[in-house]
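Novice: Prediction below, plus the sequence it came from.
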Amino acid sequence: MPWHWRLREALSAYLPLLLMGMLALATWWLINNTPGAPAASGQAPVRHDPDYTMQGFTLQRFGSDGRLTVQLEGDQLRHFPDTDTLEVDTVRIQAFSNDGSKTNATARRALSNADASEVQLLGGAKVERSGGASGAAPLQFEGEFLHAFLRTEQLRSHLPVVLRQGGSEIRAGGMQYSHLDQQATFLPPVRARFAPAAGGARR
């Protein structure tokens with residue numbers, strides 16, 4: 001038999017095996033070179049961006065008896081949905097207590113929770129407490145940072161503060177004040193100047 005007939009018979013016999021080998025090789029190459037599916041991306045981090053703003057606004061909060069409890073005013077307000085907080089420029093706050101006293105607060109900027117019951121006053125912060133049944137002179141607080149809790153009537157600061165009432169003045173490195181308990185705790189350094197009692201000798 002001529003050699004080319006023998007070669008054709010050999011190829012015919014081994015052709016299926018060769019085709020299977022080539023198919024397996026092609027499959028292996030595709031598996032190793034096909035890009036994998038993209039990894040599932042996690043949720044995008046929540047951005048601290050305002051969802052609405054207001055200019056020249058006034059917000060009021062009333063108690064269950066219809067009495068005005070808090071009034072919040074400012075040049076601009078920004079609400080941040082990720083923390084449900086308010087940021088206010090040139091803030092002005094009035095809060096009214098059950099005993100008839102009133103608290104006025106101002107600052108260059110303020111951070112507040114949604115119902116304005118907790119307010120951080122930043123930059124040139126001033127808080128004045130006046131009125132009430134005692135008839136005492138207004139109580140004034142000043143500092144670069146004052147943290148006001150309007151429901152519990154507390155005021156705190158970890159930065160220097162000045163407290164004035166009548167002719168008396170206290171300067172401290174920080175403080176905690178509770179109006180309901182009529183107690184104040186001051187952080188050092190503390191310097192105080194007290195006005196003489198009425199009719200007393202001046203020193």
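Specialist: Structure's in. What do you need? Numbers count the residues shown, from 1 in each chain.

Novice: which residues in this structure form strands?
Specialist: Assigned by DSSP state E, the strands in the chain fall at 52-62, 68-80, 85-96, 101-113, 118-131, 139-149, 154-157, 161-165, 168-172, 174-178, 183-187, 191-193.

Novice: so Gly100 sits right up against Arg129, yeah?
Specialist: No. Taking contacts as CB atoms under 8 Å, Gly100 lies outside contact range of Arg129: 11.7 Å. Quick note: C-beta positions are derived from backbone N, CA and C, even for glycine.

Novice: what residues are up against the residue nearest to Leu72 when sequence neighbours are not counted?
Specialist: The spatial neighbour of Leu72 that comes closest, neighbours along the chain excluded (CB to CB, 6 or more residues apart in numbering), is Leu59 at 4.4 Å. If you count contacts by CB atoms under 8 Å, 6 or more residues apart in numbering, Leu59 has them with Gln71, Leu72, Glu73, Leu77, Ala116.

Novice: could the strands of the chain be laid out in TSV, adding mean pLDDT?
Specialist: Formatted as TSV, the strands of the chain follow (pLDDT from 0 to 100):
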stretch	mean pLDDT
strand 52-62	89
strand 68-80	91
strand 85-96	92
strand 101-113	92
strand 118-131	92
strand 139-149	95
strand 154-157	94
strand 161-165	95
strand 168-172	96
strand 174-178	94
strand 183-187	93
strand 191-193	95
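
Novice: and the residue lying closest to Val88 once chain neighbours are set aside, how many neighbours does it have?
Specialist: The spatially closest residue to Val88, leaving aside those adjacent along the chain, is Gly74, at 3.9 Å (CB to CB, 6+ apart). Per other CB atoms under 10 Å, the neighbour tally for Gly74 reads 25.

Novice: Pairing partners for Gly74 in the sheet, please.
Specialist: When bridges are called by DSSP bridges, Gly74 pairs up with Phe57.

Novice: pretty sure Gly123 contacts Leu111?
Specialist: No. Applying CB under 8 Å as the test, Gly123 and Leu111 come out as separate, 11.4 Å apart.

Novice: picking up where we left off before, who touches the residue nearest to Val88 in this structure?
Specialist: Gly74 touches Phe57, Val88, Asp89, Thr90, Val91, Arg92, Ala110, counting by CB under 8 Å, 6+ apart.

Novice: beta partners of the nearest residue in space to Pro138 that is not next to it in sequence?
Specialist: Distances taken as CB to CB, 6+ apart put Ser130 closest to Pro138, at 4.0 Å, once the chain neighbours are dropped. The partner list for Ser130 in beta bridges (DSSP bridges) reads Lys102.
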